[in-house]
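Peer 1: Sequence and predicted model, in that order:
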Amino acid sequence: MEDVLRDRLIDEINGYYEADATKLAPQEMFFSAAAYSDPERLERERKMFQRFPIVVGHSSSLPKSGDFITRNDYGTPIIVSRQDDGSLKAWLNVCRHRGAQVCSAKSGSKRVFVCPYHSWTYKSDGSLLKIPRDEGFPNIRKQDHGLIELPVEERHGLIWVVHAPGATIDVAAHLGPLDAELASYSPSSYVLERDTVLTEDMSWKFVIDGFLEVYHLAFLHAESIGPYIYGKYSPFDVFGLNSRLVGVRKSFDKFRQSGSKEDFLSQVAVNYQIFPNTVIVWQGDHFETWTSFPGEKANRCKVRIQSLTTARMAEDDFKARWDKNWRILIDTVVNEDWQISKTVQAAAPFVKDDKIIFGRNELGLQHFHSQINQQIK
Ligand code: FES
Ligand SMILES: [Fe+2]
């Protein structure tokens, strides 16, 4: 984080301390409870996803030429592969013959992708190399039947894909001012420490909601992280479709008394909400990325959680630390946040006039859901 921003945030948090306040929206916002379970709306949300760069993984998962990962988190099967020149290519994981899944491994290294059905063989640049018994296909020109490419970009150590062949991708433009801010953490030097996918019975939006307000910390998380992070004093800023919420650790009490500005980033948790479905959390000694995908029904989602740290701290002697961290994460987010979110999902038919309320102190939720409302029109 740049010093100018750090100093501004410290001043802002000190102001909230002195006033015992937090950042507030002008007023409450009423929102439809059914928006979490409406199948017609889900379809519009799924279409919206295809217009944005979506985080599908981390660069360190495929360091060498020929390395690949496959994904199906969004319901579109894809392959991402490292090319000889160091760049990435992404394709639909769909054979040009009759559509079988070309590669079923989750990751690995391959010089060719051989479709298991009839052995149509693709080079690691996606072009079609071989059709066995090609007398059966006299009118099929190999050069026209490579794997179908998807726009892909590596930025900030993350792999971003637009799930729409022929679309353009510009992650920096999508991030706006957050592009430079994220770069200031040097995230591309980080490596993947842990990567997990969970399937949950709730809307994909609840995953993002959980990171957009600190109001609930002292209550829902009273026995877990509540004692360590304030449910107030939080700066919140909007950057186009995206936003940043700063959670203030209680260690900030001592920090502000010391008058020093060094080590500010250890006193806060910084949540970057990247539209539509990713939250990047700076946790003081590591990053987490939470990417939430709509499932086949409005009350289903798939969540990919990546934990990123420095190469040194990803070594075995730090494993106990990350195991403990992981237990806290699961206890807090899965067993507390998502547990309660499922009750919100189930309550939709009983919510009076279909109106739930995002308070003035829940302005992250106001912003996120307003942006979705606009983008799915
Ligand atoms: S479907 Fe792939 S080779 Fe036939
Ligand atoms: Fe929470």
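Peer 2: Right, received. Where do you want to start? Ligands and ions are numbered 1, 2, ... in the order given.
Peer 1: Where is the longest helix in this protein?
Peer 2: If each helix of the chain is counted by residues according to DSSP state H, the longest one is helix 3-19.
Peer 1: packing partners for the next helix or strand after that one?
Peer 2: Sequence order places strand 29-32 as the next helix or strand after helix 3-19, per DSSP states H and E. Using 3 or more C-beta pairs under 8 Å, 6 or more residues apart in numbering; DSSP states H and E as the contact test, the elements touching strand 29-32 are strand 355-358, helix 363-375. Heads up, the C-betas are built off the backbone N, CA and C, glycines and all.
Peer 1: Residue 237 is nearest to which of those?
Peer 2: Using C-beta to C-beta as the criterion, the shortest distance between residue 237 and those is 9.8 Å, found for helix 363-375.
Peer 1: so, in contact with ligand 2 or not, that closest one?
Peer 2: No. If you take C-beta under 5 Å from the ion as the test, helix 363-375 misses ligand 2, and the best it gets is 12.1 Å.
Peer 1: Export that helix to CSV, keeping only CA atoms.
Peer 2: This file holds the C-alpha atoms of helix 363-375, laid out as CSV (Å, rounded to 0.1, in the frame of the first residue of the first chain):
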residue,chain,number,x,y,z
LEU,A,363,-22.8,0.4,2.6
GLY,A,364,-20.7,-2.3,1.0
LEU,A,365,-23.9,-4.3,0.6
GLN,A,366,-25.7,-1.3,-0.7
HIS,A,367,-23.1,-0.8,-3.4
PHE,A,368,-22.6,-4.4,-4.4
HIS,A,369,-26.3,-5.2,-4.9
SER,A,370,-27.0,-1.8,-6.6
GLN,A,371,-24.3,-2.7,-9.1
ILE,A,372,-25.7,-6.1,-9.8
ASN,A,373,-29.2,-4.6,-10.2
GLN,A,374,-27.8,-2.3,-12.9
GLN,A,375,-25.7,-4.9,-14.7
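Peer 1: all helices for the stretch 201-350 of the chain, in order.
Peer 2: 204-209, 217-220, 252-258, 319-329, 339-347 (DSSP state H, counting those that start in this stretch).
Peer 1: by contact count, what packs against the third one?
Peer 2: In other words, helix 252-258. Looks like helix 252-258 contacts helix 3-19 (3+ C-beta pairs under 8 Å, 6+ apart).
Peer 1: can you pull the pLDDT of the residue of the chain most remote from its centre?
Peer 2: Taking C-alpha atoms, centre = their mean as the measure, the residue most remote from the mean C-alpha position of the chain is residue 135, 46.4 Å away. Confidence at residue 135, expressed as pLDDT, is 97.
Peer 1: Can you verify it is assigned to a helix?
Peer 2: Yes. Following the definition DSSP: H, G, I helix; E, B strand; the rest coil, residue 135 is counted among the residues of a helix.
Peer 1: Please report the distance of it from residue 141.
Peer 2: 15 Å (C-beta to C-beta, to the nearest Å).
Peer 1: Next: residue 200.
Peer 2: Residue 200 sits 45 Å away from residue 141, taking C-beta to C-beta as the criterion.
Peer 1: So which of those two has more stuff around it?
Peer 2: More crowded of residue 200 and residue 141, by other C-beta atoms under 10 Å: residue 200, with 20 against 8.
Peer 1: what sits against the more buried one?
Peer 2: Applying C-beta atoms under 8 Å, 6 or more residues apart in numbering to residue 200 gives the contacts 207, 300, 301, 302, 303, 338, 342.
Peer 1: give me the beta-bridge partners of it?
Peer 2: Bridge pairing for residue 200 (DSSP bridges) gives the partners residue 301.
Peer 1: where's it relative to residue 342, distance?
Peer 2: Distance, residue 200 to residue 342, by C-beta to C-beta: 8 Å.
Peer 1: what do you get for residue 57?
Peer 2: Distance, residue 57 to residue 342, using C-beta to C-beta: 27 Å.
Peer 1: do residue 240 as well
Peer 2: 31 Å.
Peer 1: which one of the two has more residues nearby?
Peer 2: Neighbour totals were compared for residue 240 and residue 342, and residue 342 leads with 16 against 13 (other C-beta under 10 Å).
Peer 1: residues touching the more buried one, list them.
Peer 2: Applying C-beta under 8 Å, 6+ apart, we find residue 342 in contact with 200, 201, 202.
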